[in-house]
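**Q** Next comes the sequence, and after it the predicted model I'd like to discuss.
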Amino acid sequence: MPTAQTSAYKEKGPSSPSRSDAVLDRPLPNNLDAEAGLLACCLKDISGEALAACIESNLDSESFHRPAHQIIFGALVELHNAGNQVDEIILAEHLQTENLLEKVGGLPALYQLTKRIETTAHLSYWMKIVEDKFLMRKIIRTATGVIDEAYSSPNDLEEFLGKVEQDILNVSENRIHDGARPISESMDKAMKLVDDLINKVSTEGVLTGFVDLDKYTHGLHPSEMIVLAARPSIGKTSLAMNIAEAATFQTTNQDDSKDVLVFSLEMSSTQLATRLLCGRARVDMQKLRDGFANKSEQGKLAKTAKELMDAPLWLDDSATMGIHEMRAKARRRHRKSPLKLIIIDYLQLIMGSDPRTPREQQIAEISRNIKGMAKELSVPVLVLSQLNRDSEKEKRDPRISDLRESGSIEQDADVVMLLGRKREDAFDDDERSLPSDGASPVKLILAKQRNGPTATIDLHFLKQYTRFESVKKTFTS
């Protein structure tokens with residue numbers, strides 16, 4: 001059902017010129033090109049991310065100067081709130097139903113809007129212009145009203161000055177978003193956490209399935225951005241899918257109905273599903289490719305396939321995806337069924353909003369948006385990332401500084417885990433004889449954790465199953 005704000009354009013119609021236009025005898029500040037560009041972005045971006053950004057910035061139909069633009073934006077918001085994807089045809093149909101299509105210039109005018117731009121890269125730039133011009137119009141109208149009242153000789157000067165002050169403050173009321181909350185709200189949550197710890201009630205996040213890792217992190221927690229980085233072919237995708245599997249089949253009362261969403265920009269969903277199937281069933285993938293699978297293995301595959309068919313696990317293997325599209329998809333998925341974990345494979349393959357900017361700036365923007373997505377949805381986001389070649393060249397363990405292309409990844413991340421092979425000279429005597437199943441030793445370095453210790457954790461990688469397993473022994477750093 002439309003809100004009073006979103007349907008205001010129908011009840012009141014486009015705003016008419018105020019008295020300030022006549023008093024000052026000159027047009028109010030506006031930038032019609034920026035308004036048109038902003039509307040074009042909202043129409044061009046069928047994911048709804050551009051329009052959502054406008055709504056989050058408290059833009060409404062009155063923020064636009066041209067009456068036709070007010071009508072169009074009001075209709076876009078109404079369609080968005082109803083959960084509809086919007087394009088020129090859908091918008092035109094909606095406006096026609098409301099008998100407003102001719103007031104905006106008909107369908108040709110809507111087509112002309114979308115032809116103005118090729119990309120939504122300048123969305124934030126145009127949004128700021130529209131916001132600033134709207135604020136200047138509000139200031140002029142408020143100031144003009146103050147002048148009129150001053151000439152009318154108010155009886156109570158103190159009351160008049162108080163009203164003037166309030167009117168000025170009201171100008172920027174919706175422009176400043178009050179993110180501050182009384183400490184009592186946070187203290188209630190903090191005391192509940194303390195009580196749970198005292199009474200030994202589980203406060204763990206999403207468990208990874210690796211006992212040694214969960215010992216240090218207590219799971220992956222809501223609103224956290226967790227980075228898992230490695231050089232190519234070390235196994236970061238396999239480790240991430242092992243964590244996805246553990247999270248999917250983790251059964252606690254509060255998490256039973258929550259889903260896991262995986263964005264795979266590198267591998268197809270079929271490849272990931274095959275990995276999950278063989279790894280969980282413990283069937284050698286290479287033997288399967290060669291056509292060798294005995295009846296026992298076939299039975300295990302069939303049983304595991306049924307488990308995975310019913311699992312609350314979602315795979316999105318779109319080859320090219322921008323960060324805003326990704327956030328929109330996650331938001332829609334979360335709205336339909338609450339998510340407990342999001343995994344992104346991997347960060348360097350995500351497209352920036354403006355391909356013309358340096359790649360380092362694009363990565364910084366992507367990293368900020370991933371952290372924003374984690375906070376907005378209150379879900380842990382595990383994002384995979386590439387490391388540069390320095391650790392290989394220098395024959396050392398990977399470090400946070402090896403993260404490719406941007407230091408902002410390290411800054412935005414709440415947890416950073418680095419995956420590397422264990423060197424021969426790092427083996428203890430009792431580790432030199434590897435298990436008979438051919439497991440390879442791998443080192444998982446918990447290099448950063450905002451709310452906990454760092455550590456070095458030993459894992460075994462079973463190549464034939466593309467699966468990692470915990471090793472009982474751990475080493476704190």
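**A** Thanks, I have it.
**Q** What count of nearby residues applies to the spatially closest residue to Gly322 that is not a sequence neighbour?
**A** In space, and not counting its chain neighbours, Gly322 is closest to Met351: 4.4 Å by C-beta to C-beta, 6 or more residues apart in numbering. Just so you know, the C-beta spots here come from the backbone N, C-alpha and C atoms, and that holds for glycine as well. Using other C-beta atoms under 10 Å, Met351 has 16 other residues around it.
**Q** now do the one 10 residues further on
**A** Taking other C-beta under 10 Å as the criterion, the count of residues near Gln361 is 14.
**Q** Now it: which helix or strand?
**A** helix 359-377 (DSSP states H and E).
**Q** what does that helix contact?
**A** For helix 359-377, the external contacting residues (C-beta atoms under 8 Å, 6 or more residues apart in numbering) are 222-225, 323-324, 326-327, 330-331, 334, 339, 342, 344, 347-348, 350-355, 379-381, 383, 405-406, 408-409, 411-413.
**Q** go again using 7 Å as the cut-off
**A** For helix 359-377, contacts defined as C-beta atoms under 7 Å, 6 or more residues apart in numbering pick out 223-225, 323, 327, 330-331, 334, 339, 344, 347, 350, 352-353, 380-381, 383, 405-406, 408-409, 412.
**Q** For ChimeraX, what selects the buried ones among those residues?
**A** The ChimeraX command for the buried members of those (criterion: 16 or more other C-beta atoms under 10 Å) is given here:
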select :224,225,323,327,330,331,334,339,344,347,350,352,353,380,381,383,405,406,408,409,412
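**Q** Kindly provide the distance from the closest residue to Arg333 other than its chain neighbours to Phe292.
**A** Once flanking residues are discounted, Arg333 sits nearest to Leu261: 5.5 Å by C-beta to C-beta, 6+ apart. Leu261 sits 34 Å away from Phe292, going by C-beta to C-beta, to the nearest Å.
**Q** Mind checking which of the contacts of helix 359-377 land in helices?
**A** Ile323, Arg327, Ala330, Arg331, His334, Ser408, Ile409, Asp412 (DSSP state H).
**Q** For those residues, give me CSV that also has distance to Leu418.
**A** Formatted as CSV, the ones in helices among the contacts of helix 359-377 follow (distance: C-beta to C-beta, whole Å):
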residue, distance to Leu418
Ile323, 23
Arg327, 26
Ala330, 25
Arg331, 30
His334, 29
Ser408, 17
Ile409, 12
Asp412, 16
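**Q** Might you list the low-confidence residue ranges for the stretch 101-250 of the chain?
**A** 172-190, 192-194, 196-204 (pLDDT under 70).
**Q** oh sorry, the question was meant for the stretch 251-400 of the chain
**A** 251-257, 289-291.
**Q** Ile46 is in what secondary structure piece?
**A** Per DSSP H and E, there is no helix or strand for Ile46.
**Q** ok, it - how many residues close by?
**A** 14.
**Q** next one: the one 3 residues further on
**A** Using other C-beta under 10 Å as the criterion, Glu49 is surrounded by 23 other residues.
**Q** what do you get for the one 4 residues further on?
**A** Around Ala53 there are 20 other residues, counting by other C-beta under 10 Å.
**Q** residues in contact with the helix or strand containing Gln298?
**A** Under the criterion of DSSP H and E, Gln298 resides in helix 295-309. With C-beta under 7 Å, 6+ apart as the test, helix 295-309 has contacts from Leu276, Leu277, Arg280, Ala281, Arg282, Val283.
**Q** on contacts alone, who are the packing partners of the next helix or strand after that helix?
**A** On the C-terminal side of helix 295-309, the closest following helix or strand by DSSP H and E is strand 313-316. Counting contacts by 3 or more C-beta pairs under 7 Å, 6 or more residues apart in numbering; DSSP states H and E, strand 313-316 is packed against strand 259-264.
**Q** And the longest helix along the chain, what does it pack against?
**A** Secondary structure of the chain read by DSSP H shows that its longest helix is helix 123-151. Packing partners of helix 123-151 (3+ C-beta pairs under 7 Å, 6+ apart): helix 19-24, helix 32-44, helix 49-56, helix 157-171.
**Q** Now do the buried residues in stretch 233-241.
**A** Within stretch 233-241, the residues scored as buried using 16+ other C-beta under 10 Å are Ile234, Gly235, Lys236, Thr237, Ser238, Leu239, Ala240, Met241.
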